[in-house]
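Peer 1: Provided below are the primary sequence and the corresponding predicted coordinates.
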Protein chains: 2
Amino acid sequence: MKIRNYTFEEFVKRVKEFHGYEAPGVIIGGFMVDLAYHHLPKEGLFDALSETPKCLPDAIQLLTPCTVGNGWLTVVNVGRYALTLYDKESGKGVRVFVDTEKLEAWPELKTWFFKLKTKKEQDADLLSTQIREAGSGICGVRKVEVAERFIKRRPRGSLAVCPKCREGYPLDDGPLCLACSGKELLYFPSK
Amino acid sequence: MKIRNYTFEEFVKRVKEFHGYEAPGVIIGGFMVDLAYHHLPKEGLFDALSETPKCLPDAIQLLTPCTVGNGWLTVVNVGRYALTLYDKESGKGVRVFVDTEKLEAWPELKTWFFKLKTKKEQDADLLSTQIREAGSGICGVRKVEVAERFIKRRPRGSLAVCPKCREGYPLDDGPLCLACSGKELLYFPSK
C-alpha cells in the first residue's frame, strides 16, 4: 500500500513531523489525495481545493506541489471532508469525498468522523487499524469542473503605503488598508 | 546567520522543496519568523496569524509547529506582509512586519516589494543578495495582543449527514451544508 511516493509508515512519520501528531484526518486525507491522482491524467498542473480547514489541507500540502503560500491550494470552509484536484487552466478535475454510507462498514471510523464519542472514549488503536484497512475505500470520486473564481486569477494590482500604519497594502483595498479601515480587527498594542 | 535551526542555504532548499521555488517572500518570511522568536519567551505554545495568504504562511509552516491543517495558523487577508506569533492562552505575542521606511536602503528589494518593475525587469541576483544581506533588518517588531476570535476556539458542534449531498457537515451550518444551501458555489459536475 502506497500513499503517493510514501509507504504508509513513511507518510505517518511525515504527518507527525509537519502536523505535530498523527492526526487521523491527515492520514485519511493522504488516501484521498492518492485516490484523486489515480483519476487524473499522468501529466498536468493541478491546483487543489479543500472544503475544510481541518487536517485535509496538510495532507494536500504534504503530497502535492500545492501549498497555501504558493496559492495553488485554496481552502474554503463548507465543513465537508472533501478535496478537488483540478487542471489550473480548464478547471476540470476530480473531487474526492468521504462517502458516509461506506463508513458503515467501519464503526470506529464512523464514530470518529461523526464525533459520536469523546476522544477519551475512542479506541485509538482500533481507529488506526480501521483507517489503514479502509484506506480510500471510504471515499467517493466525482469528475467536476470548479467554479470560475478558482481558475481566473485576479491580476495583482498596485501596492502602496497605508497612510495610517505605514505598511505596504494593495491599493485596490481602498484609501487605507483593511486593518486600518476597521474591516478586520486583528490585535491591540500590548505592553 | 541562522533562520531558526537552518543555515540560510538549508532554509532556501526547504523553501524550494515545499513551496516549489525559491520565492523571495518565503525567504523574507523566514527572517520574520526568526525575528519573532527572538522576542518571545523561550518556553510556550504559540499560535500564528498571517495577514496575507501570499508566501508568508509557508515560512510559518516550515519554521513553527503551526500549519493551516492543525489550526494553529490562521490566515487573514488584509494584504499586509506581517505575522504575529502569540501565546495561545493569553493572546499576547509579537507582531513582525515589513517596515517600508527600512526598505529605502535596499532598492531592488523595495522594487520587488512594491512591484515597481515586472518580474522580467527585476535583477534576480541582486534581489537575492539584498534579501540575504538585509535579513530581518527590513522588519519592525511590536508587542501585541490578538483579538479574542483568535484565542477562543468555538467548541466543535455535532456533525450530521447533509440530506442533499449525503456528506458529513457541521449541523450548526443549518439544515443543509453550506455548499448545498448555495452559500458557496464550488464546482459543477463534469463528464
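Peer 2: The structure has been received and is ready for your questions.

Peer 1: now the residue nearest in space to the middle of chain A: phi and psi?
Peer 2: By Cα atoms, centre = their mean, chain A has its centre lying nearest to A:Pro57, at 2.3 Å. Main-chain torsions, A:Pro57, degrees, to the nearest 10: phi -60, psi -30.

Peer 1: distance check, it against B:Pro53.
Peer 2: According to Cβ to Cβ, to the nearest Å, A:Pro57 and B:Pro53 sit 12 Å apart. (Each C-beta comes from the backbone N, C-alpha and C, glycine too.)

Peer 1: name the residues contacting each of the two.
Peer 2: The contact sets of A:Pro57 and B:Pro53 overlap at A:Val68 (Cβ atoms under 8 Å, 6 or more residues apart in numbering or on different chains).

Peer 1: give me the sheet partners of the lowest-mean-pLDDT helix or strand in chain A and which way each runs.
Peer 2: Every helix and strand in chain A was compared by mean pLDDT, DSSP states H and E; the lowest is strand A:187-189, with a mean of 91. Strand partners for strand A:187-189, identified by DSSP bridges, are recorded as strand B:139-146 (antiparallel).

Peer 1: do a quick rundown of the strands in chain A.
Peer 2: Counting by DSSP state E, the segments of chain A that form strands are A:2-3, A:6-7, A:46-50, A:73-75, A:82-87, A:92-98, A:139-146, A:159-161, A:168-170, A:187-189.

Peer 1: could you export the ones you listed to TSV, including columns for mean neighbour count?
Peer 2: Shown next, in TSV, are the strands of chain A (neighbours: other Cβ atoms under 10 Å in any protein chain shown):
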stretch	mean neighbour count
strand A:2-3	18
strand A:6-7	14
strand A:46-50	24
strand A:73-75	21
strand A:82-87	25
strand A:92-98	23
strand A:139-146	18
strand A:159-161	17
strand A:168-170	24
strand A:187-189	14
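
Peer 1: report the longest helix in chain A, please.
Peer 2: helix A:24-38 (DSSP state H).

Peer 1: just the CA trace of that helix, in CSV.
Peer 2: Presented in CSV, the C-alpha positions along helix A:24-38 are these (Å, rounded to 0.1, in the frame of the first residue of the first chain):
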residue,chain,number,x,y,z
PRO,A,24,-6.5,10.6,11.7
GLY,A,25,-7.8,13.3,9.4
VAL,A,26,-4.5,13.9,7.8
ILE,A,27,-3.9,10.1,7.3
ILE,A,28,-7.3,9.7,5.7
GLY,A,29,-6.5,12.8,3.7
GLY,A,30,-3.4,11.1,2.4
PHE,A,31,-5.5,8.3,1.0
MET,A,32,-7.9,10.8,-0.5
VAL,A,33,-5.1,12.7,-2.4
ASP,A,34,-3.7,9.4,-3.6
LEU,A,35,-7.1,8.4,-4.9
ALA,A,36,-7.5,11.7,-6.7
TYR,A,37,-4.2,11.3,-8.5
HIS,A,38,-5.3,7.8,-9.7
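
Peer 1: what's the angle from it to strand A:46-50?
Peer 2: Interaxial angle of helix A:24-38 relative to strand A:46-50 (axes from the mean of the first three to the mean of the last three Cα atoms, to 10 degrees): 150 degrees.

Peer 1: and helix A:24-38 with chain B, contact?
Peer 2: Yes. Using Cβ under 8 Å from any Cβ of the partner chain, helix A:24-38 reaches chain B at A:25-26, A:29.
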